[in-house]
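Visitor: Here is my input, please return the structure:
(one chain, ligands or ions: 1)
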Amino acid sequence: MKPILPGSAIGVLGSGQLGRMFAIAARRMGYRVHTFSPDSDTPTGQVSDLEVAAPYSDLDAVRRFARGVQAVTFEFENVPAETAAAAAECAPVRPAGSVLHTTQQRIREKTFLQSAGLPVTPFRVVRSLEQLDTGLQELDTPAVLKTADFGYDGKGQFRIGAASQAGEAWKSIGEREAVLEAFVKFEKEVSVVAARGVDGSFAHYGAIENEHRHHILDLSISPARVSSRVRRDAEELARVVLEKLDVVGVLCVEFFLTASGELMINELAPRPHNSGHLTFDACVTSQFEQQLRAVCGLPLGSTDQHCPSAMANLLGDVWAVGEPDWVTAARHGHVKIHLYGKMDPRPGRKMGHLTALAPTVEEAVRSVISARDALARRATADTIS
Ligand code: AMP
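Guide: Predicted coordinates for the structure are as follows:
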């Protein structure tokens, strides 16, 4: 297969911050970027050559879009399977629609992982309240009930503390097809962002350590503070996932790490991932450039990391009492500010992130948190004065 060269146009299904950072990386290498989603003036659209606003169900519009580019990728895995299939009639779609199909539904994803012999959180498929009761007897409490269709960032989830809460949990997720998972008392959460080329070549960014707050990623730290055995196991498991799924592109594997050193796969994201944002500043090739290289059939780039790094998300909450203090944050000279061009800073909405670079991970964490605190502190002082 001939590589798709700079000057070509790449189509992105979805238009959020992942597409925006992909577009920035692609434009830097001289590619054109077209984006397709139901919205306009989007984070991706703002930095793209062409923004198409149409519903994903408008398959004629999807075909027209795909005819105008040399390859299609996505930044949002909940694109309907028919949309990916319609695009594939007109241009190569990478990763393929089959990868989307497996990873956009928890039952399919977990069944795939289990049948590939990969370690997953113990789970039961639940399609009725009776099955939920049985599942709770088998797995015990606490447990987590999650809708089969992905909500993300903890949406569509209910933590069940006692079997008597089954009815309440079932109602709360809308009485929909679901998986019941054992609640894992993990010591750490880690992820591996990895890429696979058209020729089967493989690259990864090593284990990244993640801290969540209210189910939303708060902080990522690289390299993760785990043993070299855990690091190697996580990297090897990621390699097997990408190979078995036949991914061409970037995929992130999220793990729970137990106190006894056991890794369990929590979920897969078949695209660049929030935990890999720090690769933009900390690595020779960012996860976004890597996606571009994989999608275009170019050799994958080096994932070498320049120095330890930490990333802190900026949610809409940072704007709660007014415009954040960008000037004070910018005084942290080893902290990079990333904003996604979103107009409406609602609480919990991902508006941007900060990445700190430092000689040690501990310093990187301190620095990124201090820069983020500075943003919100000034806003508070302004309201008081
Ligand atoms: P998810 O949307 O499934 O990735 O869940 C978001 C976050 O909720 C995870 O990153 C964990 O912090 C927590 N969580 C989800 N499932 C479980 C589980 N089975 N056991 C413990 N914590 C969980």
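Visitor: residues from this structure in reach of the ligand?
Guide: 121, 144, 146, 154, 181, 183, 184, 189, 212, 215, 266, 267 (C-beta under 6 Å from any ligand atom). No exception for glycine: its C-beta is placed from N, CA and C like everyone else's.
Visitor: lowest average confidence, helix or strand, in the protein?
Guide: helix 361-384 (a mean of 81; mean pLDDT, DSSP states H and E).
Visitor: Return the set of buried residues in that helix.
Guide: The neighbour-count check on helix 361-384 (16 or more other C-beta atoms under 10 Å) flags 361, 363-365, 367-369, 371-372, 374-376, 378-379 as buried.
Visitor: State the pair within those residues that is farthest apart.
Guide: 361 and 379 (28.0 Å; C-beta to C-beta).
Visitor: Report the distance from the least confident helix or strand of the chain to the chain centre.
Guide: 24 Å (C-alpha atoms, centre = their mean, to the nearest Å).
Visitor: ok, residues contacting that helix?
Guide: 219, 221-223, 225, 308-312, 314, 318-326, 328-329, 331-332, 334-335, 354-358 (C-beta atoms under 8 Å, 6 or more residues apart in numbering).
Visitor: For it, output the C-alpha coordinates as PDB.
Guide: The C-alpha coordinates for helix 361-384 follow below in PDB (Å, rounded to 0.1, in the frame of the first residue of the first chain):
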ATOM      1  CA  VAL A 361       7.600  12.900  38.300                       C
ATOM      2  CA  GLU A 362       7.100  14.300  41.800                       C
ATOM      3  CA  GLU A 363       8.200  17.800  40.700                       C
ATOM      4  CA  ALA A 364       6.100  17.500  37.600                       C
ATOM      5  CA  VAL A 365       3.000  16.700  39.700                       C
ATOM      6  CA  ARG A 366       3.700  19.600  42.100                       C
ATOM      7  CA  SER A 367       4.200  22.000  39.300                       C
ATOM      8  CA  VAL A 368       1.100  21.100  37.400                       C
ATOM      9  CA  ILE A 369      -1.100  21.200  40.400                       C
ATOM     10  CA  SER A 370       0.400  24.500  41.600                       C
ATOM     11  CA  ALA A 371      -0.300  26.000  38.100                       C
ATOM     12  CA  ARG A 372      -3.800  24.800  38.100                       C
ATOM     13  CA  ASP A 373      -4.400  26.100  41.700                       C
ATOM     14  CA  ALA A 374      -3.100  29.500  40.600                       C
ATOM     15  CA  LEU A 375      -5.700  29.600  37.800                       C
ATOM     16  CA  ALA A 376      -8.600  29.200  40.200                       C
ATOM     17  CA  ARG A 377      -7.100  31.100  43.100                       C
ATOM     18  CA  ARG A 378      -7.000  34.400  41.300                       C
ATOM     19  CA  ALA A 379     -10.600  34.000  40.100                       C
ATOM     20  CA  THR A 380     -11.600  33.600  43.800                       C
ATOM     21  CA  ALA A 381      -9.500  36.700  44.800                       C
ATOM     22  CA  ASP A 382     -11.200  38.800  42.100                       C
ATOM     23  CA  THR A 383     -14.700  37.900  43.300                       C
ATOM     24  CA  ILE A 384     -13.800  38.800  46.900                       C
END
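Visitor: For the remainder of this discussion, apply numbering that starts at 35.
Guide: In the new numbering, first residue 35, that becomes helix 395-418.
Visitor: low pLDDT regions in the stretch 85-234 of the chain?
Guide: 185-189 (pLDDT under 70).
Visitor: same thing but at 90, please
Guide: The stretch 85-234 of the chain contains residues with pLDDT under 90 at 111-112, 115, 184-190.
Visitor: okay, how far is it across stretch 326-342, tip to tip?
Guide: 24 Å (C-alpha to C-alpha, to the nearest Å).
Visitor: how does the protein divide into domains?
Guide: When the chain is parsed with automatic domain parsing, its domains come out as 43-127, 156-216, 220-418.
Visitor: want to try JSON lines for these, with distance to residue 147 as columns?
Guide: Shown next, in JSON lines, are the domains of the chain (distance: least, C-beta to C-beta, whole Å):
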{"stretch": "domain 43-127", "distance to residue 147": "16"}
{"stretch": "domain 156-216", "distance to residue 147": "10"}
{"stretch": "domain 220-418", "distance to residue 147": "6"}
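Visitor: now stretch 250-262: mean pLDDT?
Guide: Per-residue pLDDT over stretch 250-262 has a mean of 97.
Visitor: All the strands of the stretch 285-419 of the chain, in order from the start?
Guide: Here the stretch 285-419 of the chain has its strands, by DSSP state E, counting those that start in this stretch, at 297-303, 343-349, 369-373, 384-391.
Visitor: tell me the most buried of those strands?
Guide: Of all these, strand 343-349 carries the top mean neighbour count, a mean of 26, counting by mean count of other C-beta atoms under 10 Å.
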